[in-house]
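Undergrad: Provided below are the primary sequence and the corresponding predicted coordinates.
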Amino acid sequence: MELKNLNLTKKLRHELHQHPELSNLEIWTKSHLIQFLKTNTSLEVVDKGQWFYAIYRSVEREGNIAFRADFDALPIDETIDIPHASKNTGVSHKCGHDGHAACLAGFALEVDQKGADKDIYFLFQHAEETGDGAIQCVSFIKENNIEEIYAFHNMSGMPFNSVHVIDGTAHCASKGMIIHLEGTPAHASQPEDGVNPSFAFAKIIDYIQEISSSKKYRGMVLCTVVHVNIGEKAFGVAASKGELMLTIRAFYEEELNQLQHLLENVTYNLASQYGLKANISYQDRFPETVNHTESSNKIRIVCHRKGIQLVEMKEAFRASEDFGHYLKETKGAICYIGNGEDYPHIHTVQYDFNDRIIETAVELFKGLANM
């Protein structure tokens, strides 16, 4: 990577870090990235509202390839002392999406200056953290007849500058499930006069172990209680309504749907049994992310050619990633670049994107673009 481009990319990364924005609110971030590309490249920029992409048009037109980076931040306070610390209270780039976006922009600089024998698309995506982004951007694949798409995620706990890859499932499917039950209020001294949802909630929670048993499924299945809110903080009133929030997760998307249906059935059956109104809603929906072996192999080849340490992953990440939406539409793969085995983990207060992996990410993408 050219030293000038590396320095521009680091500067951009720090600017993005200073102005983090939550999912679906990335107005400054998107504008700044577009301005960076318009100032430093001659690439065509296509603004799609909350997201955008840039295009390098090749004279040879020997096919096309796309690369994606996310650019939203997290609702975590910046507490570490760094020169480029977040200026937005309660929001910071603790997942490294500032680094992902900067690396993609740095890669765009290199392609714009050095050229390529195929059309290259640079997709900058909003709202990965909530699962809203990729599902809104996925039309990009068919509209541009994208033949292959790649992404990387920085990851701590892995050897510095190593690239980790896996065939097949790379991230589990998951979604947030909200169960709302409502009965009727009563005085705490006469609970029989009302309908209290607490007992139904207790049975649902108790049922979780049974329906998520590994004996029932081919792959890993998890149901995690993340929040329970029943009744009011008033000793004179029996609880009459409440919410149970669950994260359901599975290695196979079909088994996630199976788990969901079981939870829905037990909820509606208990609601009928106890005389409760039941409502179930979902958010933070993530598909399974399944790498195409042909694309994963190209990552392996590039690493071998460029002398980048390659590590074969033995199992998928339990955490989810909305990149899977693109991989349902076309070939592609996501891989992971190590921040270092002892580097602070993502989503923790001590974390800041490791600028020293920028060059590795850009060189990896360059290698893939040239295959």
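TA: That came through, no problem.

Undergrad: which parts of the stretch 151-300 of the chain are strands?
TA: 163-165, 168-171, 173-182, 186-187, 221-230, 237-238, 241-250, 277-286, 289-291 (DSSP state E, counting those that start in this stretch).

Undergrad: does the residue most central in space within the chain count as helix, strand or coil?
TA: In the chain, the centroid-proximal residue (CA atoms, centre = their mean) is residue 321; its distance is 3.6 Å. Here residue 321 is recorded as coil under DSSP: H, G, I helix; E, B strand; the rest coil.

Undergrad: re earlier: mind checking which of the strands of the stretch 151-300 of the chain is nearest residue 368?
TA: For the strands of the stretch 151-300 of the chain, proximity to residue 368 was assessed by CB to CB; strand 163-165 is nearest, at 11.2 Å. For every residue, glycine as well, the C-beta is placed using N, CA and C.

Undergrad: so what touches the closest one?
TA: If you take CB atoms under 8 Å, 6 or more residues apart in numbering as the criterion, strand 163-165 is touched by 152, 155, 158, 291, 296, 299-300, 303, 308-313, 333, 335-338, 360, 364.

Undergrad: buried only: go through those for me.
TA: 152, 155, 158, 291, 296, 299-300, 303, 308, 310-311, 313, 333, 335-338, 360, 364 (16 or more other CB atoms under 10 Å).

Undergrad: just the residues you listed: which are in helices?
TA: Secondary structure defined by DSSP state H assigns 296, 299, 300, 303, 360, 364 of the buried ones among the contacts of strand 163-165 to helices.

Undergrad: between those residues, which sits nearest residue 89?
TA: Of all those, residue 89 sits closest to residue 360, with 32.7 Å by CB to CB.

Undergrad: run a quick neighbour tally on the closest residue to that closest one other than its chain neighbours.
TA: Spatially, and ignoring its direct neighbours in sequence, residue 360 is nearest to residue 161 (5.0 Å; CB to CB, 6 or more residues apart in numbering). A count of nearby residues for residue 161, using other CB atoms under 10 Å, gives 17.

Undergrad: who touches residue 320 in this structure?
TA: Residues in contact with residue 320 (CB under 8 Å, 6+ apart) are 131, 171, 172, 173, 174, 249, 286, 289.

Undergrad: if we use 10 Å, what do you get?
TA: Neighbour list for residue 320: 128, 131, 171-175, 247, 249, 284-289 [criterion: CB atoms under 10 Å, 6 or more residues apart in numbering].

Undergrad: between these, which sits nearest residue 238?
TA: The nearest member of those to residue 238, counting by CB to CB, is residue 247 at 29.0 Å.

Undergrad: distance of the nearest residue to that closest one once chain neighbours are set aside relative to residue 140?
TA: Nearest non-adjacent residue to residue 247, counting by CB to CB, 6+ apart: residue 224, 4.6 Å away. Residue 224 sits 32 Å away from residue 140, going by CB to CB, to the nearest Å.

Undergrad: which of the two has more neighbours?
TA: Relative neighbour count places residue 140 above the other of residue 224 and residue 140, with 23 against 12, counting by other CB under 10 Å.

Undergrad: which of the three states applies to the nearest residue to residue 41 once chain neighbours are set aside?
TA: Once flanking residues are discounted, residue 41 sits nearest to residue 112: 3.9 Å by CB to CB, 6+ apart. When classified by three-state DSSP, residue 112 comes out as helix.

Undergrad: ok, residue 112 - contacts?
TA: Listed by CB under 10 Å, 6+ apart, the contact set of residue 112 reads 5, 37, 40, 41, 42, 43, 54, 56, 120, 122.

Undergrad: also residue 334?
TA: Contacts here follow CB under 10 Å, 6+ apart; on that basis residue 334 touches 68, 149-153, 165-166, 170-171, 289-291, 295-296, 299, 317, 321, 323-324, 326-327.

Undergrad: do that again at 7 Å, thanks
TA: 151, 152, 153, 170, 289, 291, 321, 323 (CB atoms under 7 Å, 6 or more residues apart in numbering).

Undergrad: do the same with residue 231
TA: Counting by CB under 7 Å, 6+ apart, residue 231 touches 239, 240, 242.

Undergrad: many thanks, we can stop here.
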